[in-house]
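Q: Sequence and predicted structure, then a few things I'm wondering about:
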Amino acid sequence: MKKSFFMLAVALVFGLSGCAPAEVTTNPDGGGGGTGQEQGAPSSAKVGDKITLKGMDDNLKVAITVLKPPKTVKATDGFKPSEKGNRFVAVQISLENVGTVVYDDSLLTSSVLLDADGQEYNTTILTKISAGPIVDNLKMAPGKKRKGWVVFEMPKKVKPAGLQITLDSGMGPQTGEWKLN
């Protein structure tokens, strides 16, 4: 009886909260174009590709493009990597609010860098880097755009292979994933 009650409670919580199954998309907007793949075959998003993601609110949609591949950067605000043998790596992205509600989020909790083995590296808090402006805490009205760098800390010997971004501080129903090499 306790198990049945528990399962009913779980079903009610998820049903009432509007939770949808999570989805990871690697398909760029508009398909893949002329990459030599068969017509209709799924393609993997890469640097230069745009993926439009939905938020928990059906009216929240943000088109994200990875503009430049990852590069090692220096913090110009005095911070050093937290562990010896680590470095700061930044990826330049652009975001456009293509929905009908304000996009209010932090990329600190929405982004992860992946290595070839699938190990995740989280963003790091810096205020200035050698590559240019950082993009983090965003408040964008519909139709507005932002561009900047997202910064991660990872070992010097590890090569970045992918970037994942999920709206709503990482809790949104869709995750976009780009190949970086």
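A: Perfect, thanks for sending it. Numbering: from 1, shown residues only.

Q: I'd assumed Gln174 was in contact with Glu23.
A: Yes - in this structure, Glu23 is within contact of Gln174 by C-beta atoms under 8 Å, at 5.0 Å. Yep, even glycine has a C-beta here, placed from its N, CA and C like the rest.

Q: okay, those two: which has more neighbours?
A: More crowded of Glu23 and Gln174, by other C-beta atoms under 10 Å: Gln174, with 20 against 13.

Q: Wait, that one touches Lys54, no?
A: Yes - here Gln174 reaches Lys54: they are 5.2 Å apart, a contact under C-beta under 8 Å.

Q: list the residues that contact both of these two?
A: Common contact partners of Gln174 and Lys54 (C-beta atoms under 8 Å, 6 or more residues apart in numbering): Leu167.

Q: can you give me the helices in this structure?
A: In the chain, helices defined by DSSP state H lie at 2-17, listed in chain order.

Q: Where does the prediction get shaky in it?
A: For the chain, the stretches flagged by pLDDT under 70 are 1-21, 31-42.

Q: since we're on the closest residue in space to Pro28 that isn't next to it in sequence, how many residues are nearby?
A: Spatial nearest neighbour of Pro28, chain neighbours left out: Asp49 (3.6 Å); criterion: C-beta to C-beta, 6 or more residues apart in numbering. Asp49 has 21 neighbours, counted by other C-beta under 10 Å.

Q: which residues touch Asp49?
A: 28-29, 65-66, 178.

Q: surely Val24 meets Gly172?
A: No - between Val24 and Gly172 there is no contact under C-beta under 8 Å: 11.3 Å.

Q: Pull up the gap between Val102 and Leu167, please.
A: Distance of Val102 to Leu167, computed by C-beta to C-beta, to the nearest Å: 12 Å.
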